[in-house]
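K.L.:
just a sequence and a predicted model for now, questions to come.
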Amino acid sequence: MMAIEAMKMGLVNQDQIQECMNIQKAFMEKGQEAPLLAILVKKGYLDPAFYKAMKAHRIISSLTSENMRNLIRGYKMRDRLGAGGVATVFLATSEKDGMEVALKIMHPYHNLNRLFVKRFVNEARLLKKFDFENIVKGYDYGECQGLYYLAMEFLDGETVQAIMDREGPLEEDKALFVIVQIAKALDYCQKNGILHRDIKPENVMITGDGVVKLCDLGFAKPITTDACAEEEVTCGTVQYISPEQARGAADVDIRADIYSLGATLYHMAVGDVPFKGEDNMEIMAKQVLEDLANPRSMNREVSTHMQYFIQKMMAKEREIRYQSPEEIISDIETQILGKKTLEFNPGKKVSKDNLFSRSPESKPADANHREKRTPISDRLRKKRR
Ligand SMILES: Nc1ncnc2c1ncn2[C@@H]1O[C@H](COP(=O)(O)OP(=O)(O)O)[C@@H](O)[C@H]1O
Ligand SMILES: [Mg+2]
């Protein structure tokens, strides 16, 4: 089966497979077992990296709950938490200290792609080095049985995308709170010379305690002005990428992340992405050419201020956008404070405590018997009543 896959990918040809099948047959007649792929590798027809990747793939796809637990040395794996285009994330316990971690394991079929491996290791290094409240913390990374893994802080919460899937658009204050927190994370990234390049609701998580965390630094890249020869320039997720990224510009800077943050805010406020299309090419073309639909015409509940923030972040010309995350933070905080004053409620500061926190009646979670978590949205609904 795997040999056929290798042939389809043009890695080996039919004659080579036939030759190796004859060798395999000879082994079998002697009562010995020899996997076809191993013979292909031995004969020098097949890249050993492919063999390793396929073995890893087989391990992952034939997982039973028992053999899965010990998949990665040093960790006991538990539930699956989520997945993206690059990896699957599992809840696991570190054997060293018993701590709960989120274990991100790269899909093995990416093993052969040097760029994917490079990005994965790059993400792992950055997360381990970075230390900031609004960025998920990385602990450890490595390779085990051909699987690339990254252990990070387990976030007991959900993605902004998951919240929207369940309840549609977020309330304005909550959406703006999320944006300010992610702008703080971007400010930290910028000060460390890094662009995120994949800001979107799926990569933002909110914990049960109402802390907003930026995740998935898989596309992060040092801020430089020269094009990276090895890498294809366009990346990120087309629904959120800036016009300059869609055009394949080489000198992308923090203002591209600001555009994606704006597209994320648009999605949170309106309940849908700003541009749709039949395929990625069409959506990218719209990012460059099509005027942004007025958010207020898409959802009547969007305020004029909200509309202004979105339009300023999502300006096609990056000179017109906010020029730094700090400008966003300052503008939004001024607006929120101003609104609170107008409502004669100056004492009620907008903070994570009154937006996402657990309801006061809920008990603190017991370490051994963690309460079944109420989705954040339920908690929010309860508070609204
Ligand atoms: N630290 C974490 N704690 C809990 N769940 C997480 C954590 N990191 C990621 N996840 C879940 O796993 C999904 C995929 O993770 P992500 O890093 O975005 O992978 P990919 O690079 O493949 O997009 C996320 O959308 C989220 O649902
Ligand atoms: Mg992701």
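P.N.:
Received, thanks. Ligands and ions are numbered 1, 2, ... in the order given.

K.L.:
switch to C-alpha atoms for all contacts and neighbour counts from now on
P.N.:
Will do.

K.L.:
where does residue 152 land in three-state SS?
P.N.:
strand (DSSP: H, G, I helix; E, B strand; the rest coil).

K.L.:
against residue 183, how distant is the residue nearest to it when sequence neighbours are not counted?
P.N.:
Leaving aside its sequence neighbours, residue 152 sits nearest to residue 138 (Cα to Cα, 6 or more residues apart in numbering; 4.1 Å). Using Cα to Cα, to the nearest Å, residue 138 is found at 20 Å from residue 183.

K.L.:
which residues touch the residue nearest to residue 293 when sequence neighbours are not counted?
P.N.:
Excluding the flanking residues, the one nearest residue 293 by Cα to Cα, 6+ apart is residue 274, at 7.2 Å. Contact partners of residue 274, counting by Cα atoms under 8 Å, 6 or more residues apart in numbering, are 239, 263, 266-267, 292-293.

K.L.:
quick revisit: isn't the residue nearest to residue 152 right up against residue 124?
P.N.:
Yes: the criterion here is Cα atoms under 8 Å, and residue 138 meets it with residue 124 at 6.6 Å.

K.L.:
okay, and the common contacts of the two?
P.N.:
Joint contacts of residue 138 and residue 124 (Cα under 8 Å, 6+ apart) are residue 150.

K.L.:
residues in contact with the top helix by length along the chain?
P.N.:
Using DSSP state H to assign secondary structure, the helix with the most residues in the chain is helix 172-191. Residues outside helix 172-191 that contact it (Cα under 8 Å, 6+ apart) are 132, 134-135, 195-196, 212-214, 254, 257, 261, 265, 268-269, 302, 306, 324-326, 328-329, 332-333, 336, 350-352, 355.

K.L.:
rounded mean pLDDT for the helix or strand just after that helix, please.
P.N.:
Remark: after helix 172-191, the chain's next helix or strand is strand 194-195, criterion DSSP states H and E. Per-residue pLDDT over strand 194-195 has a mean of 95.

K.L.:
just checking: what are the partner strands of strand 194-195?
P.N.:
Strand 194-195 has the following strand partners under DSSP bridges: strand 221-222 (antiparallel).

K.L.:
how far is the helix or strand that comes right after the partner strand from where the chain is centred?
P.N.:
Going down the chain from strand 221-222, the next helix or strand is helix 243-246, by DSSP H and E. Taking Cα atoms, centre = their mean, to the nearest Å, the mean C-alpha location of helix 243-246 is offset from the chain mean by 20 Å.

K.L.:
what is helix 243-246 packed up against?
P.N.:
helix 280-289 (3 or more Cα pairs under 8 Å, 6 or more residues apart in numbering; DSSP states H and E).

K.L.:
buried ones among the contacts of helix 172-191?
P.N.:
134-135, 195-196, 212-214, 254, 257, 261, 265, 268-269, 302, 306, 324-325, 328-329, 332-333, 336, 350, 352, 355 (16 or more other Cα atoms under 10 Å).

K.L.:
the host helix or strand of residue 88 and ligand 2, any residue contact?
P.N.:
Secondary structure from DSSP H and E places residue 88 in strand 87-94. No: judged by Cα under 5 Å from the ion, strand 87-94 stays clear of ligand 2, getting no closer than 8.2 Å.

K.L.:
contact partners for the residue nearest to residue 120 when sequence neighbours are not counted?
P.N.:
Leaving aside its chain neighbours, residue 120 sits nearest to residue 218 (5.9 Å; criterion: Cα to Cα, 6+ apart). Counting by Cα under 8 Å, 6+ apart, residue 218 touches 119-120, 122-123.

K.L.:
neighbour count and pLDDT added to those, as TSV?
P.N.:
Converted to TSV, these look like this (neighbours: other Cα atoms under 10 Å; pLDDT from 0 to 100):
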residue	neighbour count	pLDDT
119	17	93
120	25	95
122	17	95
123	22	96
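
K.L.:
same list (these) but as CSV, adding distance to residue 142.
P.N.:
Below are the contacts of residue 218 laid out as CSV (distance: Cα to Cα, whole Å):
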residue, distance to residue 142
119, 13
120, 10
122, 12
123, 12
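
K.L.:
overlap between the residues you listed and the residues near ligand 1?
P.N.:
Near ligand 1, judged by Cα under 6 Å from any ligand atom, there are no entries from the contacts of residue 218.

K.L.:
in strands only, show me those residues.
P.N.:
Per DSSP state E, strands hold no members of the contacts of residue 218.

K.L.:
near ligand 2, which of those show up?
P.N.:
Among the contacts of residue 218, no residue sits close to ligand 2 (Cα under 5 Å from the ion).

K.L.:
which ones among the residues you listed lie within helices?
P.N.:
Using DSSP H, those in helices are 119-120, 122-123.

K.L.:
close to ligand 2: what parts of the stretch 51-200 of the chain are there?
P.N.:
residue 84.

K.L.:
8 Å instead, please
P.N.:
83-86, 198 (Cα under 8 Å from the ion).
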